[in-house]
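Engineer: Quick one: sequence plus predicted model below, questions after.
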Amino acid sequence: ELKPKLAFHMTWTNPDQPEYLGGDEVLSLNEAWVTTHNTYFGNDQGKYDQSIMYKKVAENIKKYLDDTTEFLGRNYYNFVIPSGTAVEYAQDVFNRPQAELYRDYTHLCDYGRVIAAYVWYAKIMGLESLSDINLSMIPSKLVHYRSYYPINQRINSEMKAHLIEAVNWALKNPYSLPEA
């Protein structure tokens, strides 16, 4: 008998260095969106701050899950898939360039998607860490058939090590990052 499970996907934040994405020229196309981000996720100067957005995303997801459980009297979701924590960890802890993780202001590029995919894989398979799988499965070269994706992005051994650590951290700490 199949027993389906329901998971909640924790998203990643938007990058806070839009310069490599075309800077203010691109962002001015959607001024209302930028203003909203600056308002809700801004620092003391009212400028968007990715770390503030991450904290708010994590806090609100945890609150939503707690409130849903309280309202229903049971856990509605069987588990959380903390892709956002893993992507944020890769960027913050290892100082990975945003251009290596994002292809635009909201979507992940190849390396970022591989990080998110391994979080999904580990959670769906019930793994507690990536040490439970054959890590040689992580590709060293990613190629996409669509021209708007980065083509032939290489994942070197350092990036693989960062990917593994980021995913393992997220699996153990879905709502937090290490203190700086």
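Structural biologist: Yes, it's here.

Engineer: Stretch 62-71 - what's its average pLDDT?
Structural biologist: For stretch 62-71, mean pLDDT is 91.

Engineer: just stretch 116-130 next, same as before
Structural biologist: Per-residue pLDDT values over stretch 116-130 give a mean of 90.

Engineer: how about the strands in this structure?
Structural biologist: Secondary structure of the chain (DSSP state E): strands at 7-9, 79-81, 141-142, 153-154.

Engineer: Summarise which helices and strands the first one is packed against.
Structural biologist: Judged by 3 or more C-beta pairs under 8 Å, 6 or more residues apart in numbering; DSSP states H and E, strand 7-9 is in contact with strand 79-81, helix 110-124. Heads up, the C-betas are built off the backbone N, CA and C, glycines and all.

Engineer: just these: most buried one?
Structural biologist: Highest mean neighbour count among the helices and strands packed on strand 7-9 (mean count of other C-beta atoms under 10 Å): helix 110-124, with a mean of 21.

Engineer: Restricting to C-alpha, output it in PDB.
Structural biologist: What follows is helix 110-124, C-alpha atoms only, in PDB (Å, rounded to 0.1, in the frame of the first residue of the first chain):
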ATOM      1  CA  ASP A 110      23.400  25.000 -12.700                       C
ATOM      2  CA  TYR A 111      25.500  24.800  -9.500                       C
ATOM      3  CA  GLY A 112      22.700  26.300  -7.400                       C
ATOM      4  CA  ARG A 113      20.200  23.800  -8.900                       C
ATOM      5  CA  VAL A 114      22.600  20.900  -8.200                       C
ATOM      6  CA  ILE A 115      22.700  22.000  -4.500                       C
ATOM      7  CA  ALA A 116      18.900  22.200  -4.400                       C
ATOM      8  CA  ALA A 117      18.500  18.900  -6.100                       C
ATOM      9  CA  TYR A 118      20.700  17.000  -3.700                       C
ATOM     10  CA  VAL A 119      18.700  18.500  -0.800                       C
ATOM     11  CA  TRP A 120      15.500  17.200  -2.400                       C
ATOM     12  CA  TYR A 121      17.100  13.800  -3.100                       C
ATOM     13  CA  ALA A 122      18.400  13.400   0.500                       C
ATOM     14  CA  LYS A 123      15.100  14.400   2.000                       C
ATOM     15  CA  ILE A 124      12.900  12.200  -0.300                       C
END
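
Engineer: What is the distance between that helix and the centre of its chain?
Structural biologist: From the chain centre to the centre of helix 110-124 is a distance of 9 Å (C-alpha atoms, centre = their mean, to the nearest Å).

Engineer: Tell me which of the helices and strands packed on strand 7-9 lies nearest to residue 60.
Structural biologist: Closest to residue 60 of these is strand 79-81 (C-beta to C-beta; 12.5 Å).
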